[in-house]
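In: no sequence on hand, only this structure:
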DNA sequence: CACGCTCTCACTGCT
DNA sequence: TGAGAGCGTG
């Protein structure tokens, strides 16, 4: 089992049973180490499978981990807790819902549901959106929870903070009333459950001798607290991560958890996995050099014994169009040379950049697959069906109620709902429970809807889950509605797919013989029986197939796209590429303001995160890495001009191959021969010094003044912008509608503005 | 209640 | 540029 491991991997796998931090570089075999550690402890040390809790961030990672453990061990892996933070917390809360103060069938809100709930509360509290929007509020609530803060513990120094905190409290009340929990709540509740209930805490602390965490750099403070709370006196945490690949600070991840863990738990117990099995030497050397530019890191240097391979190619193009064309040409060559399409990836910093590339691939007839976008359980037609189903389980779920009470339309308009809302408020009840107070036409329409739900609930008692779904799709009128709709065909197919998904689900969970609403006995679910006996906890609460399916739908939104195996070029953001690898990688849009993104330019922390992102991007490539940038690209419907990304300058010359510039594009049209100008060592790639890269704007395109709409803009002139304030023109270029100026604003920093569009006032006398 | 118009705004995205 | 939300009209 451990014979084929390298020394560092072996050390990690066989480390004494105590807290360890494993710094696992990109492509160093971290999943293998994690899974082998579990298998080794079970097999060689006789540790019971019950003593393990292994936690990941994504369902995909959890599935992969389980599959690999099963491949390593001939024995039964039942009892092993492997899952996502949210999945495991959900499990805890289902088992101990009473202790956690939750209703038995609590529903889970996904981000969209949460936002809808917040919007609804905005309306019912008559909040205007001038101070903060529902989106701001959602972000605020989640980040409070991710720091373990309930509303009463949130700061209230300023008026705004007081308002937000008050709203947070109201939102929480609404969730309690409706019996729903959002994602962050799953974690916070589970944490509080263990915190407040010493019997449960001790039970789990004694049970889980080994806590293993994947992607530790992505944990947020609450996850860290949950994990360290769960670890008892005799438990050990095996934390695997890479601080250089921490790219999710924007959603609450805090790399300093790694530094803290090292200090507080694993001092002198840090293992570095630095041998890389993925990329060639040139790529690794360049990536190492780049990431060394970050101040804050634990430090690590990847190496390979597989040879230098090919240097990294860098190509500079005039426009985003030409960049896409160049990428297309190179892809064509790779395909001709026999590279499999799915082994070629085109990466970009943000999704908007995919369009041009897609267009070129599409025109050339090359199959491609864009990652990201709508996932299966997030589609509106799917969410509609799920809303009906949720109401069967929990009619007090107002979010679901409002979603489908009038969809398809059944004569219950905004007016009726307003009245219903008022009744609900008055009787302090859910909308569902307020229906009997309604009279007249609205009352009877609502009563009919309640009857519809009642019929469905009845069906749930007799039919299997797939049968119930089919029934709900028909009886709700959704099937008919989409049949009539012009573009409803695809939606109908998705609904059928949902029925199939339910059939697969009950099969896999062994629930196929149960009616949808029936609660099966739970003889073989884990050790909960013994737990109940042991600590006198509330009786175990298994879920009905319906409840289980709804939970599944919330916690696992489904893949964005089907199998990766298809013969298609892979297009995705750098974030989405984390954890993946390809023979050939095109990293596009390497311009200052694109990558690093303009929103990150003023903060060192943000720039360091962008640098890690660049590091992640580069280390996706096995053999060939192509970097590209364009002088100008269309963004937000405007042509904008960009400098070289600082990250290009930070790469060592000896690992790079400078490609000759491509002729053509607007350079030719503008009669400025950019082709020559961008020859080797000029615009394309320059060693170290060329940070300012003035060559980009140099030569015949350099202009002293331009006239737009009768106003003359000169270099050095003072201008005022309604948002950015007062600034000085550093540079002008182009003409007519394309005329651009780079302006140094006193407050807002340097901006490139299109003069025909920007509302600039010239400050007289400058 | 549905449709179409205008306005605004824009990174990354798992659970 | 173009998606999504808000608003007014038939």
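Out: The structure has been received and is ready for your questions. Computed from a predicted structure; not experimentally measured.
In: quick one: contacts for residue A:611?
Out: A:290, A:291, A:293, A:294, A:596, A:647 (CB atoms under 8 Å, 6 or more residues apart in numbering). In this view, the C-beta of every residue, glycine as well, is placed from N, C-alpha and C.
In: mind running it again at 10 Å?
Out: A:244, A:290, A:291, A:292, A:293, A:294, A:596, A:600, A:646, A:647, A:650 (CB atoms under 10 Å, 6 or more residues apart in numbering).
In: for the third one, which non-adjacent residue is spatially closest?
Out: Read it as residue A:291. By the measure of CB to CB, 6 or more residues apart in numbering, the closest residue to residue A:291 outside its immediate chain neighbours is residue A:615, 4.5 Å from it.
In: assumed the one you found was part of a helix.
Out: Yes: under DSSP: H, G, I helix; E, B strand; the rest coil, residue A:615 falls within a helix.
In: just the pLDDT for it.
Out: pLDDT for residue A:615: 98.
In: for the stretch 151-300 of chain A, which segments are assigned as strands?
Out: A:180-182, A:210-213, A:236-241, A:270-273 (DSSP state E, counting those that start in this stretch).
In: got it, and the stretch 501-650 of chain A?
Out: A:569-573, A:582-587, A:621-635, A:638-641.
In: hey, least reliable of those by pLDDT?
Out: strand A:638-641 (a mean of 92).
In: gap between that strand and the chain center?
Out: Between the centre of strand A:638-641 and the centre of its chain there are 28 Å (CA atoms, centre = their mean, to the nearest Å).
In: pipe the strands of the stretch 501-650 of chain A into a markdown table and attach mean neighbour count and distance to residue A:445 per row.
Out: Shown next, in a markdown table, are the strands of the stretch 501-650 of chain A (neighbours: other CB atoms under 10 Å; distance: least, CB to CB, whole Å):
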| stretch | mean neighbour count | distance to residue A:445 |
| --- | --- | --- |
| strand A:569-573 | 23 | 46 |
| strand A:582-587 | 24 | 56 |
| strand A:621-635 | 23 | 49 |
| strand A:638-641 | 18 | 49 |
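In: nearest to residue A:654, out of these?
Out: strand A:621-635 (14.6 Å; CB to CB).
In: could you list the contact residues of the stretch 351-500 of chain A toward DNA strand C?
Out: Residues of the stretch 351-500 of chain A lying close to DNA strand C by CB under 7 Å from any atom of the strand are residue A:355.
In: what segments of the stretch 351-500 of chain A are helices?
Out: Along the stretch 351-500 of chain A, counting by DSSP state H, counting those that start in this stretch, helices occupy A:354-364, A:380-393, A:398-404, A:414-426, A:431-434, A:440-462, A:465-475, A:478-484, A:488-508.
In: make TSV out of those and add mean neighbour count.
Out: Formatted as TSV, those follow (neighbours: other CB atoms under 10 Å):
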stretch	mean neighbour count
helix A:354-364	17
helix A:380-393	22
helix A:398-404	23
helix A:414-426	15
helix A:431-434	19
helix A:440-462	16
helix A:465-475	21
helix A:478-484	16
helix A:488-508	16
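In: just put the ones you listed in TSV and tack on mean pLDDT and distance to DNA strand B.
Out: Formatted as TSV, the helices of the stretch 351-500 of chain A follow (pLDDT from 0 to 100; distance: least, CB to the nearest atom of the strand, whole Å):
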stretch	mean pLDDT	distance to DNA strand B
helix A:354-364	94	8
helix A:380-393	93	13
helix A:398-404	91	12
helix A:414-426	87	5
helix A:431-434	93	15
helix A:440-462	93	9
helix A:465-475	96	18
helix A:478-484	88	9
helix A:488-508	90	12
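In: and of these, who's closest to residue A:51?
Out: Taking the helices of the stretch 351-500 of chain A one by one with CB to CB, helix A:488-508 is closest: 25.7 Å.
In: so which residues make contact with that closest one?
Out: Contacts for helix A:488-508 (CB under 10 Å, 6+ apart): A:376-377, A:379-382, A:384-386, A:389, A:464-470, A:472-474, A:478-483, A:485, A:511-514, A:516, A:545-546, A:548-549, A:552-553, A:558.
In: can you name the residue of chain A nearest DNA strand C?
Out: residue A:637 (2.3 Å; CB to the nearest atom of the strand).
In: quick one: low-confidence parts of the stretch 51-200 of chain A?
Out: A:130 (pLDDT under 70).
In: 80 - rerun?
Out: Scanning the stretch 51-200 of chain A with the threshold set as pLDDT under 80 gives A:75-78, A:126-131.
In: and the residue of chain A closest to DNA strand C, how close does it get to DNA strand B?
Out: 6 Å (CB to the nearest atom of the strand, to the nearest Å).
In: could you do residue A:100 as well?
Out: Residue A:100 is 17 Å from DNA strand B, where distance means CB to the nearest atom of the strand.
In: residues near the closest residue to DNA strand B within chain A, how many?
Out: Here chain A gets closest to DNA strand B at one residue, residue A:413, 2.5 Å apart by CB to the nearest atom of the strand. Residues contacting residue A:413 under the criterion other CB atoms under 10 Å number 11.
In: excluding chain neighbours, give the residue nearest to it in space.
Out: Using CB to CB, 6+ apart, the closest residue to residue A:413 is residue A:406 (7.0 Å).
In: quick check: phi and psi at that neighbour.
Out: phi -130, psi 30 (degrees, to the nearest 10).
In: is it in contact with residue A:412, as I believe?
Out: Yes: if you go by CB atoms under 10 Å, residue A:406 and residue A:412 touch, sitting 4.4 Å apart.
In: re earlier: in TSV: the strands of the stretch 501-650 of chain A, plus distance to residue A:32.
Out: Below are the strands of the stretch 501-650 of chain A laid out as TSV (distance: least, CB to CB, whole Å):
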stretch	distance to residue A:32
strand A:569-573	23
strand A:582-587	19
strand A:621-635	17
strand A:638-641	44
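In: residue A:1 is nearest to which of the ones you listed?
Out: Among those, strand A:621-635 sits nearest to residue A:1 (CB to CB), with 26.3 Å.
In: quick one: name the residues of chain A near DNA strand C.
Out: Residues of chain A lying near DNA strand C by CB under 7 Å from any atom of the strand: A:355, A:634, A:636, A:637.
In: how many neighbours does residue A:167 have?
Out: With other CB under 10 Å as criterion, residue A:167 counts 22.
In: quick one: buried residues of the host helix or strand of residue A:326?
Out: Secondary structure from DSSP states H and E places residue A:326 in helix A:320-336. Using 16 or more other CB atoms under 10 Å as the test for burial, helix A:320-336 gives A:320, A:321, A:322, A:323, A:324, A:325, A:326, A:327, A:328, A:330, A:331, A:334.
In: from the residues you listed, pick the one nearest residue A:25.
Out: Using CB to CB, these come closest to residue A:25 at residue A:334, 26.6 Å.
In: and the contacts of residue A:611 as CSV, adding pLDDT and neighbour count?
Out: As requested, these are exported to CSV (pLDDT from 0 to 100; neighbours: other CB atoms under 10 Å):
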residue, pLDDT, neighbour count
A:244, 97, 28
A:290, 98, 21
A:291, 97, 27
A:292, 97, 15
A:293, 96, 15
A:294, 96, 17
A:596, 96, 23
A:600, 94, 19
A:646, 97, 20
A:647, 97, 24
A:650, 97, 17
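In: what's the closest of those residues to residue A:125?
Out: Using CB to CB, the contacts of residue A:611 come closest to residue A:125 at residue A:600, 35.0 Å.
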